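Peer 1: no FASTA, just this:
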């Protein structure tokens, strides 16, 4: 008892904690620590520390690099992908990573009849979203998965999919220990169960609403990493409270800081502002089913009339860039050098509008989102700014909104909203993930002048070809074409690529935020 | 007395049914499709349909309601549509945090409110009276959110006296296993005094924030109740008998003035249990309030339904206890 009291006293005095603990201010609670069964960023952030994926991304970029697989290649026709696994990698429960283990994970995500899908409530919705469908469904890109030998695994696809390594490397698909999943059943990945991967940290405890505690994985395959002994995810949902905790030193680093707090952080000598490379697009969609917008000149006139630079400067400051590309700047390789941006020129826009037969403008219903998103933190105010610009052409804007669920659903119902704001954040580093959901034929939320789903065949063909062409140089060329085409069509006008604002205390170093939204904490050091 | 208790308990049944119906209908009134709200920008029609089916949203309204009631009666509060964790489990785990905070806030209100109220009544129109009444006016009108952040910035960020939020410091949070979930109690039970101290330090700011409004209300109620009693004949008689003023006030007057005060304490405690949403959010307090708040944001119907139901039930029960406590304070009250 005396010893306990003594220890307690030492702890109270702040002694006896030689271990380096990194405290991350999490803006919410993870939903699940089971890979493939979540889509929320917070779960992925925690999972990223516990699991490794087949391929990884170079720090701070979307470029694929070796992960659990050391090399990979596709067949001539692009339909067969072979991955060679790193040897001697152990899961945190001591079992070995091999091709069978990878197959086990993939089948769990892909096959709805898989016996290890014990929890009927689990959705596994991300697999069909990125790979066309579950096993047995028509759209499924994956046809078969084969174990070639102990350290080689092969994916046989129904169609060529050049972005396959990038997609399978996205944060959703951490490779988990089959033994642990079998042992835990429906509890796996929940607060009462385990979560076992090969990553730099292992799960110690998840106390819902409070914190998730991870500890250094002593058998981690990357020598010399991680740099700290422990990572604690402290749940602090309120942004103001999170900033206070950072200032007070309760937490060491955090994400999701409101852009308005940038000045405050820069003024605090204990803190550093950190910028995550942009990986999103906030756009204004113009729907051709409503008469003026069926004329391309009217759409281009609108694009020319909005002072994008001024709007981005006003609402994002340092935290946003605007250009003509639908893809974010980190995808430069796939962007056409010919696409600069729409020239801000109200006179020219007015002339163009007159030429199209609307010298006195028209009535426009502009829909803004009822919620804040990284790409549009204050949708209403931004919509007002755009409306002010458009009024210079005589366009009479009526701002509209409705609850978020109806907003999302109604824009897809013919004839759709006349003009609306929305955005996209990428899942993995491939332009296909930006273009296909927005421009593949038929376009899900834009309609032609007859009120039918819009299909721009030329663009659709290019995208189909680009998505299935194995040759990288050829793909770059195709996506550059798509870039030019989408720019000229002016169906969705890119307004901003915003940079999420993060912050850390000065004694934290080695933190390289990923454009993809989550990065490993293994390189972070604390003085 | 016991038959009265029994009658009151039976009387609770229609009340609780009414609550389930209200909760259920209110959620139906919210526009938009919860499945779409949960899935967000990317939900495909197939995913939407599957989720609606899973949540039972495709069934007729009365079937949904009956299912809800039947499940509640069997102790099944449903599973969260977002996390797939049973709501009952989560509420059970979070309950002690909310209870501890509400108790501490009530304590703040009682310990400060009653004496100040008495003094203000005894020294009516004095400087103390004016000051306490003005402050209590400020107290009831201050937005909880603002007050909470103000306290955090003053005492945690600038002065470093107290922590910014949570229930335990990170390191203690890692190595301490709660037994009951009431951390102050757990600290004592395990003889971990540093846990007790740390939990207490974490409790101060949220308790002050949450306790401010009841404190203000209680001060005012105590004052007016005292004033009323002090003007009565029996007090004059007591004084005429030559009793010390102290005795007159504390023994004769206070006991009778306490009746409305107890009612208010009970009502406020009930409100605190459910109304701690903002305080729990500012202080990252892992209680029921922040859970319901999250449920509302996510359109997580099972969480909101069950959460509100539990809070309402507790509120009704606390009211019952208040009524019963009258008997102890005032034997003249008859139970028929």
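Peer 2: Right, received. Where do you want to start? Given the structure is predicted, the values throughout are model-derived calculations rather than measurements.
Peer 1: isn't residue A:147 right next to residue A:101, touching?
Peer 2: No. Counting by CB atoms under 8 Å, residue A:147 does not reach residue A:101; the two are 9.8 Å apart. All C-beta atoms are positioned from the backbone trio N, CA, C, and that covers glycine.
Peer 1: What are the boundaries of the helices in the stretch 401-527 of chain A?
Peer 2: A:404-410, A:432-439, A:457-468, A:472-489 (DSSP state H, counting those that start in this stretch).
Peer 1: any chance of these in a markdown table, plus mean neighbour count, distance to residue B:131 and mean pLDDT?
Peer 2: Shown next, in a markdown table, are the helices of the stretch 401-527 of chain A (neighbours: other CB atoms under 10 Å in any protein chain shown; distance: least, CB to CB, whole Å; pLDDT from 0 to 100):
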| stretch | mean neighbour count | distance to residue B:131 | mean pLDDT |
| --- | --- | --- | --- |
| helix A:404-410 | 20 | 47 | 87 |
| helix A:432-439 | 21 | 63 | 94 |
| helix A:457-468 | 18 | 72 | 94 |
| helix A:472-489 | 19 | 68 | 95 |
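Peer 1: Now distance to residue A:142 too, for these, in JSON lines please.
Peer 2: Listed next are the helices of the stretch 401-527 of chain A as JSON lines, based on distance: least, CB to CB, whole Å:
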{"stretch": "helix A:404-410", "distance to residue A:142": "28"}
{"stretch": "helix A:432-439", "distance to residue A:142": "16"}
{"stretch": "helix A:457-468", "distance to residue A:142": "15"}
{"stretch": "helix A:472-489", "distance to residue A:142": "20"}
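Peer 1: Nearest approach to residue B:107 belongs to which of these?
Peer 2: helix A:404-410 (40.6 Å; CB to CB).
Peer 1: contacts for that closest one?
Peer 2: The contact list for helix A:404-410 (CB atoms under 8 Å, 6 or more residues apart in numbering or on different chains) reads A:367, A:369-371, A:401-402, A:416-417, A:420, B:31-37, B:40-41, B:43, B:299.
Peer 1: So among the residues you listed, which ones count as buried?
Peer 2: Buried subset of the contacts of helix A:404-410 (neighbour count, 16 or more other CB atoms under 10 Å in any protein chain shown): A:367, A:369, A:401-402, A:416-417, A:420, B:32-37, B:43, B:299.
Peer 1: which two from these end up farthest apart in space?
Peer 2: Farthest pair in these (CB to CB) is A:416 and B:299. Separation: 23.2 Å.
Peer 1: before we move on, the earlier item: compare residue A:147 and residue A:101 (neighbour count), which wins?
Peer 2: residue A:101 (23 against 15; other CB atoms under 10 Å in any protein chain shown).
Peer 1: What distance do you get for that one to chain B?
Peer 2: Remark: distance between residue A:101 and chain B (CB to the nearest CB, to the nearest Å) = 25 Å.
Peer 1: In contact with that residue, which residues?
Peer 2: Residue A:101 neighbours (CB under 8 Å, 6+ apart): A:91, A:95, A:175, A:177-178.
Peer 1: Let's see that with 10 Å instead.
Peer 2: A:68, A:85, A:89, A:91, A:95, A:147, A:153, A:175-179, A:198 (CB atoms under 10 Å, 6 or more residues apart in numbering or on different chains).
Peer 1: Just the buried residues out of those residues, in ChimeraX syntax.
Peer 2: Applying 16+ other CB under 10 Å to these, the buried members can be selected in ChimeraX as follows:
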select /A:68,85,89,91,153,175,176,177,178,179,198
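Peer 1: Inside helices: which ones of the contacts of residue A:101?
Peer 2: Under the assignment DSSP state H, those contribute A:178-179 to helices.
Peer 1: pLDDT and distance to residue B:198 for the contacts of residue A:101 - can I get that in JSON lines?
Peer 2: Shown next, in JSON lines, are those (pLDDT from 0 to 100; distance: CB to CB, whole Å):
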{"residue": "A:68", "pLDDT": "97", "distance to residue B:198": "41"}
{"residue": "A:85", "pLDDT": "97", "distance to residue B:198": "46"}
{"residue": "A:89", "pLDDT": "97", "distance to residue B:198": "39"}
{"residue": "A:91", "pLDDT": "97", "distance to residue B:198": "35"}
{"residue": "A:95", "pLDDT": "97", "distance to residue B:198": "38"}
{"residue": "A:147", "pLDDT": "97", "distance to residue B:198": "52"}
{"residue": "A:153", "pLDDT": "97", "distance to residue B:198": "49"}
{"residue": "A:175", "pLDDT": "98", "distance to residue B:198": "38"}
{"residue": "A:176", "pLDDT": "97", "distance to residue B:198": "35"}
{"residue": "A:177", "pLDDT": "97", "distance to residue B:198": "35"}
{"residue": "A:178", "pLDDT": "97", "distance to residue B:198": "40"}
{"residue": "A:179", "pLDDT": "97", "distance to residue B:198": "38"}
{"residue": "A:198", "pLDDT": "97", "distance to residue B:198": "35"}
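Peer 1: just the contacts of residue A:101 now: which is nearest residue B:150?
Peer 2: residue A:176 (45.1 Å).
Peer 1: Low-confidence bits of chain B, can you list those?
Peer 2: Chain B contains residues with pLDDT under 70 at B:1, B:275, B:327-336.
Peer 1: what about the strands in it?
Peer 2: Here chain B has no strands by DSSP state E.
Peer 1: could you check the distance from residue B:47 over to residue A:67?
Peer 2: Residue B:47 is 28 Å from residue A:67, where distance means CB to CB, to the nearest Å.
Peer 1: Look at the two and report which has more neighbours.
Peer 2: Between residue B:47 and residue A:67, residue A:67 has the larger neighbour count (other CB under 10 Å), namely 22 against 18.
Peer 1: What helix or strand is the closest residue to that one other than its chain neighbours located in?
Peer 2: Distances taken as CB to CB, 6 or more residues apart in numbering or on different chains put residue A:56 closest to residue A:67, at 3.6 Å, once the chain neighbours are dropped. Using DSSP states H and E, residue A:56 sits in strand A:55-57.
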